[in-house]
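Engineer: dropping the sequence and predicted coords here.
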Amino acid sequence: MTNEHPLDPLHGVTLEQIVTRLESHYGWDGLAQRIDINCFKHEQSIKSSLKFLRRTPWAREKVEKLYLGTFN
């Protein structure tokens with residue numbers, strides 16, 4: 001039996017956990033300064049951010065990189 005994601009630091013971490021933790025750490029304004037996307041500037045909610053990030057791979061990748069750079 002092999003572990004499918006032995007080196008993936010995001011394995012087991014949901015997108016909601018990532019956004020929630022980043023928002024708690026930086027706040028919405030801090031997130032908007034680091035990643036220029038409207039869901040961090042105007043519709044500042046976890047729900048709207050998740051909806052956008054699930055549909056937009058390039059933005060999700062930026063959020064995941066920020067999370068890893070901040071907390072890893």
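Structural biologist: That came in fine, so what should we check first? Numbering: from 1, shown residues only.
Engineer: now stretch 8-21, how far from the chain's geometric center?
Structural biologist: Mean C-alpha position of stretch 8-21 versus that of the full chain (C-alpha atoms, centre = their mean, to the nearest Å) differs by 7 Å.
Engineer: end to end, how far does it reach?
Structural biologist: Counting by C-alpha to C-alpha, to the nearest Å, you get 18 Å between the two ends of stretch 8-21.
Engineer: so how far is Gln17 from the most centrally placed residue in the chain?
Structural biologist: Geometric centre of the chain, nearest residue: Val63, 3.7 Å, by C-alpha atoms, centre = their mean. Counting by C-beta to C-beta, to the nearest Å, the gap from Val63 to Gln17 is 12 Å. C-betas here are computed from N, CA, C, even on glycine.
Engineer: let me see the confidence value for Gly12.
Structural biologist: We have a pLDDT of 89 for Gly12.
Engineer: what comes into contact with stretch 50-61?
Structural biologist: Identification of contacts with stretch 50-61 by C-beta atoms under 8 Å, 6 or more residues apart in numbering yields 15-16, 19, 35, 37-39, 63.
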